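Undergrad: Give me coordinates for this.
(chains A, B and C)
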Amino acid sequence: MSSCAFSTCTLQNNELMCNKHLVQFKRNSISTDLSYPKMTWHNSTTCQQSGRRLQCKALNVENNNNYNFLKGNVFQLDDVIEAQQFDRQILSAIFEVAREMETIEKMSRGNQLLKGYLMATLFYEPSTRTRLSFESAMKRLGGEVLTTENAREFSSAAKGETLEDTIRTVEGYSDIIVMRHFESGAARRAAMTANIPVINAGDGPGQHPTQALLDVYTIEREIGKLDGIKVGLVGDLANGRTVRSLAYLLAKYNDVKIYFVSPEVVKMKDDIKEYLTSKGIKWEESADLMEVASKCDVVYQTRIQKERFGERIDLYDEARGKYIVNRDVLSVMQEHAVIMHPLPRLDEACTS
Amino acid sequence: MSSCAFSTCTLQNNELMCNKHLVQFKRNSISTDLSYPKMTWHNSTTCQQSGRRLQCKALNVENNNNYNFLKGNVFQLDDVIEAQQFDRQILSAIFEVAREMETIEKMSRGNQLLKGYLMATLFYEPSTRTRLSFESAMKRLGGEVLTTENAREFSSAAKGETLEDTIRTVEGYSDIIVMRHFESGAARRAAMTANIPVINAGDGPGQHPTQALLDVYTIEREIGKLDGIKVGLVGDLANGRTVRSLAYLLAKYNDVKIYFVSPEVVKMKDDIKEYLTSKGIKWEESADLMEVASKCDVVYQTRIQKERFGERIDLYDEARGKYIVNRDVLSVMQEHAVIMHPLPRLDEACTS
Amino acid sequence: MSSCAFSTCTLQNNELMCNKHLVQFKRNSISTDLSYPKMTWHNSTTCQQSGRRLQCKALNVENNNNYNFLKGNVFQLDDVIEAQQFDRQILSAIFEVAREMETIEKMSRGNQLLKGYLMATLFYEPSTRTRLSFESAMKRLGGEVLTTENAREFSSAAKGETLEDTIRTVEGYSDIIVMRHFESGAARRAAMTANIPVINAGDGPGQHPTQALLDVYTIEREIGKLDGIKVGLVGDLANGRTVRSLAYLLAKYNDVKIYFVSPEVVKMKDDIKEYLTSKGIKWEESADLMEVASKCDVVYQTRIQKERFGERIDLYDEARGKYIVNRDVLSVMQEHAVIMHPLPRLDEACTS
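TA: Next comes the predicted model:
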């Protein structure tokens, strides 16, 4: 069992002051789920050697800004493939960095935290939102981006080159790869191949762990806690990779209750249900959206994704519009509770 | 009626010296045409608060370069949607900045005027020329770019997401949005939604105001004046958004005369003619290109755009080739007069 | 006959120390093959005037790094169109820079050697590998990139604009153009038009000179020499532009022997064979891959490119799989000899 220290610190009068608690991180708590050989945390004395990895280090931060994180110690993640790879200590640490990043983004222009680092965004399935969000983050922190909008059509993939070949080539060009792919498991295959970190930005009907990280971060910010919350997952639970990743993440917290509300054809799959049960998370399926909404802290709506149905337009037509999270639903919810949905406005979430 | 000061100034011995005249800008002269709620000019004391807007400020300019513009005062535009939003004072100010930018682009490498600013180029209709021109300008000044070459096919638009949704998402990633869209009015819709500036880089058959700005800038540079000029607009005047925006801009000047020379099927639309008349601009339609050319300071040729005709190939075939601006036309023109055309070489302009 | 000095130098105590030999470069040795009017080498006293050209100069290099190349003197290439434009002195100089660049890439983050320079990657045929390799190199050295992934579909090319028009526009936006095109000769046409350097990143079945440069660089690194080597070129020799460029480059060295091993339908074309003969390079065609492999220092396999066959699927099926470079081939090769193939893993090279 390995252990590792994480802390956020400040430089005061050239002395390193760590003003946050020390997080004891147990390596084995991750490998219960899956083996992540590259998943490591380094403190500042060891990170200098690992030149190939993306490091958030404060060396380039200008002196006159008080970015009080990551100075001295180094927060380092390697591949981000599936939500279940995280435990709550890591989640807590990531969210703390995220909060500090929100401040940095607001307060400073031309931040150079990631200067000299190059991220490749390999998108085999187009997604302007997700791609631009990663690229914006990288550029806001002074990093650079190599981008491909539609690797499926435009790359050597069309010439019969395998994903592994492409990854071996692209890892020579960049420091980290963010990949969206149309096949479940593609991110894992890429990560097995690459010597640089791979971030899964959605792999077919598989997972979308960074979206789920953002969702859990948002829930904590809105509700104020994660332990003990009641969450209703509504819509296409069979094909929605986001909702799958979210279920895995919620399972890391205590006394969580999850309600699944979905049309029969797109019910949550058994693997997630079994995982939740094995983790002691209570869940139930319900056909009564109103009743579920009245009990939940969060009602999380997914879009019925037409593109996941392929030829089965009949199933799509059956599924969409069955459970619509609208103002009627909001009216039965508790005062503190929130609706989360993929579209910026509730109106559109309701009708599409 | 609000008023606002604009000047270009220099820093001399740490004293702010304004060596150009003070422009009195009347807010109402704009809103005669349309309401531009976000259209504002700030001087340096007020601009610091408006963090979300793109500002050309000289703070990042290196000391040893004598960029004598924008020091102290701030030149600020918000949305650029339609040519008629400008009045001649603003046009004059923009052209002055453009002249100074030409010098900067020639004289300095690695200019950092826009360092830390992020522009998103959302192109729903591909246009390498227009997109790369914006991106080049941004990068030449040290800014960064998020780009999407074909948002129509590659983005969430294909999944049924509305333009408004996309804009709300992208405004979270960037400081300014440059948008090309296939529908007239799309830029206005985007600007109504966004809290950051939106620049219309062409919206279907609507307008292309930045192209028109460049055209008017070029006319002034070539002819030496804008008041009193005679301009022949030749070609597809019904579908050419550039020529529509140009007509609006020319209407800002005194004693301008415009000749419309076009095949019957693609005549200039009534809205432009009525606008010109209401502004006291003389215009006439003519079928005699040679006669028009002999009278004009500028003959402005538009391309007959096949893609705007859709299925009506017959109309396209009828329209193209009817009025061709070639060496014969040039030979009847006055000595100082110029031909402006969308292609770099006249030969190709003539035959395509 | 013009001559020019090239050297790599270091700055020591503010004195320029040239620690490498002086290369006498004879201008005419190039123009034997073709006329390259823009092909010039400048030393530091002349380069300052040529503002429009891409220069590798060390001015921006930080003081505390010992980049011992290009200080004082300037290494400058203009267009890179065809492999035969290089002679062995230039090749030697390029490889020396490449070796130093390998060190730089490993040792430094955020190198600013090309800061303020803008490269346009105009790809009329998609190629993620090649495009990202150029873009990565540019960004690793602090330069910036304007990119178009699929200029054929997305640009004005679809509107009937000629390549020359596009080049004249794009040269106004950037300092250098890297172009992939689907037509042989396109790179030369672009270079004839542009006032900035053009690099051919593959032009249809024409050439791919930068790939060939990398191949020869790799051969020298692996085998330790270029004079006297025996190289087997295997696969599609008719359509493979890489192998054509490689043959031109190998012809620059002494006592080289080339074996062509290919299916009948995709034999090496006569122009290459005649060029090799005219340069005194021995070559022969063989149907016996095993025998050739046993004699060669390098077995270079090309992919049978389905996309070059167009409608003739029958010819493609006949060609592929006839000569497969696999472990059996490797087993008959000499101990020091190497296989070079376009895919990262031999297994895949063998079966695809």
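Undergrad: Around chain B, which positions in the stretch 101-250 of chain A sit nearby?
TA: A:106, A:108-111, A:126-129, A:132-133, A:135-136, A:139-140, A:147, A:149-150 (Cβ under 8 Å from any Cβ of the partner chain). For every residue, glycine as well, the C-beta is placed using N, CA and C.
Undergrad: Which among the residues you listed count as buried?
TA: Among those, those scoring as buried are A:108, A:110-111, A:126-129, A:132-133, A:135-136, A:139-140, A:147, A:149-150 (criterion: 16 or more other Cβ atoms under 10 Å in any protein chain shown).
Undergrad: From those residues, list the ones also adjacent to chain C.
TA: Contacts with chain C within these, counted by Cβ under 8 Å from any Cβ: A:147, A:149-150.
Undergrad: Which of the residues you listed fall in helices?
TA: With DSSP state H as the criterion, helices contain none of those.
Undergrad: Which ones among these lie within strands?
TA: Judged by DSSP state E, these include A:Thr147 as members of strands.
Undergrad: Now for chain A, the helix or strand with the poorest mean pLDDT.
TA: The weakest-scoring helix or strand in chain A, judged by mean pLDDT, DSSP states H and E, is helix A:28-31 (a mean of 20).
Undergrad: coming back round to it: among the buried ones among the residues of the stretch 101-250 of chain A next to chain B, find the lowest-pLDDT one for me.
TA: Least confident of those in the model: A:Ser108, at 71.
Undergrad: For it, give its distance to A:Leu289.
TA: 44 Å (Cβ to Cβ, to the nearest Å).
Undergrad: just checking, A:Lys257 touches A:Trp283?
TA: Yes. When contacts are counted by Cβ atoms under 8 Å, A:Lys257 is listed as touching A:Trp283 (7.1 Å).
Undergrad: Geometrically speaking, which residue is the centre of chain A?
TA: What sits nearest the mean C-alpha location of chain A, by Cα atoms, centre = their mean, is A:Thr210, with 1.4 Å.
Undergrad: quick one: contacts for it?
TA: By Cβ atoms under 8 Å, 6 or more residues apart in numbering or on different chains, the contact set of A:Thr210 is A:80, A:199-201.
Undergrad: Show me the strands in the stretch 51-200 of chain A, by range?
TA: Using DSSP state E, counting those that start in this stretch, the strands of the stretch 51-200 of chain A run over A:118-123, A:144-148, A:176-181, A:198-203.
Undergrad: Chain neighbours aside, what residue packs nearest to A:Asn200?
TA: A:Ala187 (3.4 Å; Cβ to Cβ, 6 or more residues apart in numbering or on different chains).
Undergrad: just checking, the one you found touches A:Ile81?
TA: Yes. Using Cβ under 8 Å, A:Ala187 is in contact with A:Ile81, at 5.1 Å.
Undergrad: what do these two both touch?
TA: With Cβ under 8 Å, 6+ apart as the test, A:Ala187 and A:Ile81 both reach A:198, A:200, A:207.
Undergrad: Against B:Glu82, how distant is the last one?
TA: Note on A:Gln207: its distance to B:Glu82, by Cβ to Cβ, is 45 Å.
Undergrad: before we move on, the earlier item: tabulate the shared contacts of A:Ala187 and A:Ile81 (TSV), appending neighbour count and pLDDT.
TA: Listed next are the shared contacts of A:Ala187 and A:Ile81 as TSV, based on neighbours: other Cβ atoms under 10 Å in any protein chain shown; pLDDT from 0 to 100:
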residue	neighbour count	pLDDT
A:Val198	28	96
A:Asn200	30	97
A:Gln207	27	92
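Undergrad: and A:Ala212, what element?
TA: Take DSSP states H and E as the rule and A:Ala212 turns out to sit in helix A:209-223.
Undergrad: So which bits of that helix are buried?
TA: By neighbour count on 16+ other Cβ under 10 Å, the buried set for helix A:209-223 is A:209-213, A:215-217, A:219-220, A:223.
Undergrad: could you dump the next helix or strand along the chain from that helix to PDB, C-alpha only?
TA: Note on helix A:209-223: by DSSP H and E, the next helix or strand toward the C-terminus is strand A:230-234. Coordinates of each C-alpha in strand A:230-234 appear next as PDB, following Å, rounded to 0.1, in the frame of the first residue of the first chain:
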ATOM      1  CA  LYS A 230     -30.900  11.900  -3.500                       C
ATOM      2  CA  VAL A 231     -30.500  12.000  -7.300                       C
ATOM      3  CA  GLY A 232     -33.000  11.200 -10.000                       C
ATOM      4  CA  LEU A 233     -31.500  10.200 -13.300                       C
ATOM      5  CA  VAL A 234     -34.000  10.800 -16.100                       C
END
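Undergrad: Compute the inter-axis angle for strand A:230-234 and helix A:209-223.
TA: Angle, strand A:230-234 to helix A:209-223, by axes from the mean of the first three to the mean of the last three Cα atoms, to 10 degrees: 130 degrees.
Undergrad: Listing partners with orientation, what would you give for strand A:230-234?
TA: Strand pairing for strand A:230-234, using DSSP bridges, gives strand A:257-261 (parallel), strand A:298-301 (parallel).
Undergrad: Format those strands as TSV; extra columns: mean pLDDT and distance to B:Glu100.
TA: Listed next are these as TSV, based on pLDDT from 0 to 100; distance: least, Cβ to Cβ, whole Å:
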stretch	mean pLDDT	distance to B:Glu100
strand A:257-261	97	60
strand A:298-301	93	51
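Undergrad: JSON lines please, covering the ones you listed and showing mean neighbour count.
TA: Below are those laid out as JSON lines (neighbours: other Cβ atoms under 10 Å in any protein chain shown):
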{"stretch": "strand A:257-261", "mean neighbour count": "23"}
{"stretch": "strand A:298-301", "mean neighbour count": "26"}
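Undergrad: Output these as a markdown table; include the columns distance to C:Ser278.
TA: Listed next are the strands paired with strand A:230-234 as a markdown table, based on distance: least, Cβ to Cβ, whole Å:
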| stretch | distance to C:Ser278 |
| --- | --- |
| strand A:257-261 | 76 |
| strand A:298-301 | 72 |
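Undergrad: and of those strands, who's closest to A:Val178?
TA: strand A:298-301 (23.9 Å; Cβ to Cβ).
Undergrad: Sort out which residues of the very next helix or strand once past that closest one are buried, please.
TA: Going down the chain from strand A:298-301, the next helix or strand is helix A:313-319, by DSSP H and E. Within helix A:313-319, the residues scored as buried using 16+ other Cβ under 10 Å are A:315-316, A:318-319.
Undergrad: And the residues you listed, which two are furthest apart?
TA: A:Tyr316 and A:Glu318, at 7.2 Å, using Cβ to Cβ across the buried residues of helix A:313-319.
Undergrad: isn't A:Tyr275 right next to A:Gln84, touching?
TA: Yes. Judged on Cβ under 8 Å, A:Tyr275 makes contact with A:Gln84 at a distance of 7.3 Å.
Undergrad: Spit out the residues that contact these two alike.
TA: A:248, A:251.
Undergrad: what about those two, which has more around it?
TA: Taking neighbours as other Cβ atoms under 10 Å in any protein chain shown, A:Tyr275 and A:Gln84 compare with A:Gln84 leading, 20 against 16.
Undergrad: For the more buried one, give its distance to A:Ile90.
TA: Distance from A:Gln84 to A:Ile90, by Cβ to Cβ: 12 Å.
Undergrad: Spatially, and excluding backbone neighbours, which residue is closest to the residue in the stretch 201-350 of chain A that chain C sits nearest to.
TA: Closest contact between the stretch 201-350 of chain A and chain C, by Cβ to the nearest Cβ, is at A:Ala201 (16.5 Å). Leaving out its chain neighbours, the residue that sits closest to A:Ala201 by Cβ to Cβ, 6+ apart is A:Arg180, at 4.5 Å.
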